[in-house]
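S.K.: show me how the following folds:
(4 chains)
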2 protein chains.
Amino acid sequence: MPASVKDVAAAAGVSASTVSNYLNHPEVLSARSTERVRAAIERLGYVPNESARQLRAGAGKAIALILLDAWLPYFSELSRGVEDVTREDGWSLFFSNSGRDAQQEQRNIDMFEAHRARGIIIYPLGEVTPRLEQLNRRGIRSVIVGPAHGAPSIGSVPFDDHGGGMLAGRHLLETGRRRIVFIGDPAAAQTADRLAGLRAATAGTDAEVSVIEESGFTMTTGLRAAERLLQAPQRPDAVFAANDMVAIGVQTALLRAGISVPDDVAIVGFDDVVEAPQALVPLTTIRQPAYEIGRTAASTLLHRLEHPSEPFPAAAPPFAAELVVRASTGRA
Amino acid sequence: MPASVKDVAAAAGVSASTVSNYLNHPEVLSARSTERVRAAIERLGYVPNESARQLRAGAGKAIALILLDAWLPYFSELSRGVEDVTREDGWSLFFSNSGRDAQQEQRNIDMFEAHRARGIIIYPLGEVTPRLEQLNRRGIRSVIVGPAHGAPSIGSVPFDDHGGGMLAGRHLLETGRRRIVFIGDPAAAQTADRLAGLRAATAGTDAEVSVIEESGFTMTTGLRAAERLLQAPQRPDAVFAANDMVAIGVQTALLRAGISVPDDVAIVGFDDVVEAPQALVPLTTIRQPAYEIGRTAASTLLHRLEHPSEPFPAAAPPFAAELVVRASTGRA
DNA sequence: TGCCGCGCCTGCAACGTTATAAAACGGTGG
DNA sequence: CCACCGTTTTATAACGTTGCAGGCGCGGCA
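M.R.: Have a look, this model is predicted:
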């Protein structure tokens, strides 16, 4: 039903090749042909068939982005960074989220392989390194947001989670806190690093660190964790949460229970998402430049695709953590 | 570089057609061939080239979803509904957001046209009806989430915004409120309907309705609106916000200013997103079944695509609004 | 034996695009 | 008038896939 180059060619009284040249090598055409083809394209509303282009070219200019939970604020900022770079460089971006379902994550990778995406940016949920190395052998490059455990064929955009944890710990110590509870899932790689950083900061002091294990990353997770925290025999004087949304959930539950933040309990989050300063008590947090991380991931991948000879830079330095002090931990 | 049917055929000692039949008409193959092809596919890691399939088939089994702001909670729920139905029916979904930029919205439509998506589900920002009718003439169907202003070729999944506004207004009257302020952009279609519903509910009573014009839909919008509200000479006793995030922003600003919710000011939101019950003072709101709306939009579109002869149902009844009472308006 | 039907398989063409090589064109100089 | 040149246009083939028409071998039936 839609018009093809042949239709345009017929309408313009030229050959299909000329139409193709109009689109891809305009400089070789005579002014006369240029004008006739232009008019015919406009008249027929011709739009090149991307599938045919890709087939012909062997691969299209498209990359894919696979995230855990597209609707979490951190990921939406990250994806804006990816989107912007991708668009600037004239590539198409296919987007999908795995909804924290490892099986769905694999299906998404399959789908992008079938669509012959040239590269994949992924914030991985399960163990994807072997699959990504397999894809690499088939010519599909990928970049992991976070640590790539010693897989040199895969790009990596790491963040200094351990350093972030240390910053949080030191800040809590400096503001006089001694009973710190960490909320998160110690089995998840990034979360574990943040906890380790916290422990490194408190080692050798009289502060003690306990852990409430929760594996989610939403406000609901924080509300649930706070219930457990309120039932504990001795209340902590500080909470360090795996991310900002969990921290905000904890804050909400504490305020509802009549506990003052920061007087009774200080709270530190992680990420510095847009919601952090908007919490009722603005949240002290560790800033992760999500937008910049997204941009870097995209440009690393695109650079690799556009300069196939150069390998990924061996070890990019991780993005540095930065402490942002707000009201939830009292005055600095 | 990646394996093609021909490679598989050679490896299995059969013809390309047999490999194709294995994939598309397995029932015609002998057990012997089935096994040999299966083994060859596995050995080579063959993945069918989706571009070639689409080219051959004229169009692929793919639809597109275009949203204003993918990272707003309401849209993420909507898109989950769309995703689920799409996946259940074996279609692929391409996803994009227009970031509240009408130009970007157009570019996304262009991109999906080039990729020959069979249909589009869109929550429109600008005026897209003419463009969608043009696409319809080229065989690409679409469904608008929200009202389709008398364009019978375009599907529509409407919601009863006016009724929702009325419910909110009546509830505020019943709980004794008289000075109601509406926060939102009266120029936006859906928002305008909600305001009209509010006015219909208060007409003929001694309650008065004023409007603070704000065009955003985030917490930041609510914080900004609350500043203006606090400066007003006479403080209202109720706020009806265009959506939940704005309502939560207003609530936060009021609480920070020491104003009690709901004693001094009642607040009603719109949508009933997951954040609504998680606000410090859980939010009374008008429930919009975003997930169900997404499912309906997707199944309307897919039904249309799979049964080309039947037209879109003339006028689907709008989804009904439902009042959800929580603490932000006091006891009922 | 000759013919048919059946089950299974294969060759061919076509989808829309574009790079390549070749051809046509218009003009110059010998 | 022809060989030659640069410019512009064209025919052709190929990318990977699949529907279709036809082919092959085998068994059954007249």
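S.K.: helices along chain A, start to end?
M.R.: Using DSSP state H, the helices of chain A run over residues A:5-12, A:16-24, A:31-44, A:50-57, A:73-88, A:102-114, A:129-137, A:161-174, A:189-202, A:219-231, A:244-256, A:290-306.
S.K.: just give me the lowest mean pLDDT stretch among these.
M.R.: Per-stretch mean pLDDT for the helices of chain A is lowest at helix A:102-114 (a mean of 84).
S.K.: anything in it near DNA strand D?
M.R.: No - for helix A:102-114 and DNA strand D, the contact criterion (C-beta under 7 Å from any atom of the strand) is not met; the two come no nearer than 8.6 Å. Glycine gets a C-beta too; all of them are placed from N, C-alpha and C.
S.K.: packing partners for that helix?
M.R.: With contacts defined as 3 or more C-beta pairs under 8 Å, 6 or more residues apart in numbering or on different chains; DSSP states H and E, the packing partners of helix A:102-114 are strand A:62-67, strand A:92-97, strand A:119-122, helix A:129-137.
S.K.: go again with 10 Å.
M.R.: If you count contacts as 3 or more C-beta pairs under 10 Å, 6 or more residues apart in numbering or on different chains; DSSP states H and E, helix A:102-114 packs onto strand A:62-67, strand A:92-97, strand A:119-122, helix A:129-137, helix B:50-57, helix B:73-88, strand B:92-97.
S.K.: for the stretch 201-332 of chain A, which residues are neighbours of chain B?
M.R.: A:218-220, A:222-223, A:245, A:248-249, A:251-253, A:255-256, A:274-275, A:277-282, A:327 (C-beta under 10 Å from any C-beta of the partner chain).
S.K.: quick revisit: return the most buried member of the helices of chain A.
M.R.: helix A:244-256 (a mean of 25; mean count of other C-beta atoms under 10 Å in any protein chain shown).
S.K.: so what does it touch, helix or strand wise?
M.R.: Here helix A:244-256 touches helix A:73-88, strand A:179-184, helix A:219-231, strand A:238-241, strand A:266-271, strand A:284-287, going by 3+ C-beta pairs under 10 Å, 6+ apart.
S.K.: in CSV, list those along with distance to DNA strand D.
M.R.: Formatted as CSV, the helices and strands packed on helix A:244-256 follow (distance: least, C-beta to the nearest atom of the strand, whole Å):
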stretch, distance to DNA strand D
helix A:73-88, 25
strand A:179-184, 44
helix A:219-231, 43
strand A:238-241, 47
strand A:266-271, 42
strand A:284-287, 46
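S.K.: redo those as a markdown table? Include distance to A:Ser17.
M.R.: Formatted as a markdown table, those follow (distance: least, C-beta to C-beta, whole Å):
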| stretch | distance to A:Ser17 |
| --- | --- |
| helix A:73-88 | 30 |
| strand A:179-184 | 61 |
| helix A:219-231 | 59 |
| strand A:238-241 | 62 |
| strand A:266-271 | 53 |
| strand A:284-287 | 55 |
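S.K.: of these, which is nearest A:Asn136?
M.R.: Of all the helices and strands packed on helix A:244-256, helix A:73-88 sits nearest to A:Asn136, with 19.5 Å by C-beta to C-beta.
S.K.: tell me the angle that closest one makes with strand A:62-67.
M.R.: Taking axes from the mean of the first three to the mean of the last three C-alpha atoms, to 10 degrees, one finds helix A:73-88 and strand A:62-67 inclined to each other by 170 degrees.
S.K.: pull the contacting residues for A:Arg137.
M.R.: A:153, B:1-2, B:45 (C-beta atoms under 10 Å, 6 or more residues apart in numbering or on different chains).
S.K.: buried ones among those residues?
M.R.: The neighbour count (16 or more other C-beta atoms under 10 Å in any protein chain shown) marks B:Pro2 as buried among the contacts of A:Arg137.
S.K.: any idea how many residues pack against A:Asn97?
M.R.: Residues lying near A:Asn97 (other C-beta atoms under 10 Å in any protein chain shown) number 26.
S.K.: ok, and the closest non-adjacent residue to it?
M.R.: A:Ala70 (3.9 Å; C-beta to C-beta, 6 or more residues apart in numbering or on different chains).
S.K.: repeat that for A:Val28.
M.R.: Closest to A:Val28 by C-beta to C-beta, 6+ apart is A:Asn21, at 5.7 Å.
S.K.: check contacts around the one you found.
M.R.: By C-beta under 10 Å, 6+ apart, A:Asn21 lies in contact with A:14-15, A:27-29, A:33-34, A:37.
S.K.: so who does the most centrally placed residue in chain A touch?
M.R.: The residue lying closest to the centre of chain A (C-alpha atoms, centre = their mean) is A:Leu78, at 4.2 Å. Applying C-beta under 10 Å, 6+ apart, one finds that A:Leu78 lies in contact with A:65, A:67, A:70, A:72, A:121, A:123, A:145, A:157, A:288-295, A:297-298.
S.K.: repeat the analysis, applying 6 Å as the threshold.
M.R.: Contacts for A:Leu78 (C-beta atoms under 6 Å, 6 or more residues apart in numbering or on different chains) come out as A:290, A:293-294.
S.K.: which residues touch stretch A:187-202?
M.R.: Stretch A:187-202 has contacts (C-beta under 6 Å, 6+ apart) with A:161-162, A:164-166, A:169-170, A:182, A:184-186, A:209, A:240, A:242.
S.K.: could you rerun that using 7 Å?
M.R.: With contact meaning C-beta atoms under 7 Å, 6 or more residues apart in numbering or on different chains, stretch A:187-202 is reached by A:146-147, A:161-166, A:168-170, A:173, A:180, A:182, A:184-186, A:209, A:211, A:240, A:242, A:270.
S.K.: likewise stretch A:225-244?
M.R.: So stretch A:225-244 is contacted by A:74, A:168, A:172, A:177-184, A:191, A:194, A:198, A:212, A:214, A:217, A:222, A:246-247, A:249-250, A:253-254, A:257, A:265-273, A:275-276, A:283, A:285 (C-beta under 7 Å, 6+ apart).
S.K.: spatially nearest residue to the closest residue to DNA strand D within the stretch 151-300 of chain A, not counting backbone neighbours?
M.R.: Proximity of the stretch 151-300 of chain A to DNA strand D (C-beta to the nearest atom of the strand) peaks at A:Ser153, 22.4 Å away. The shortest distance from A:Ser153 to any non-neighbouring residue, by C-beta to C-beta, 6+ apart, is to A:Asn136 (4.5 Å).
S.K.: now do the contacts for the one you found.
M.R.: Contacts of A:Asn136 by C-beta under 7 Å, 6+ apart are A:142, A:153-154.
S.K.: A:Val85 and A:Ala297 touch, don't they?
M.R.: No - if you go by C-beta atoms under 7 Å, A:Val85 and A:Ala297 don't touch, sitting 8.4 Å apart.
S.K.: which bits of the stretch 1-150 of chain A sit near DNA strand D?
M.R.: A:14-18, A:21, A:28-30, A:32-33, A:52, A:55-56, A:58.
S.K.: tell me the one of the residues you listed nearest A:His115?
M.R.: A:Leu55 (11.7 Å).
S.K.: please report how far A:Val261 lies from A:Gln251.
M.R.: 6 Å (C-beta to C-beta, to the nearest Å).
S.K.: what touches both of those two?
M.R.: Common neighbours of A:Val261 and A:Gln251 (C-beta under 7 Å, 6+ apart) are A:267, A:281, A:328.
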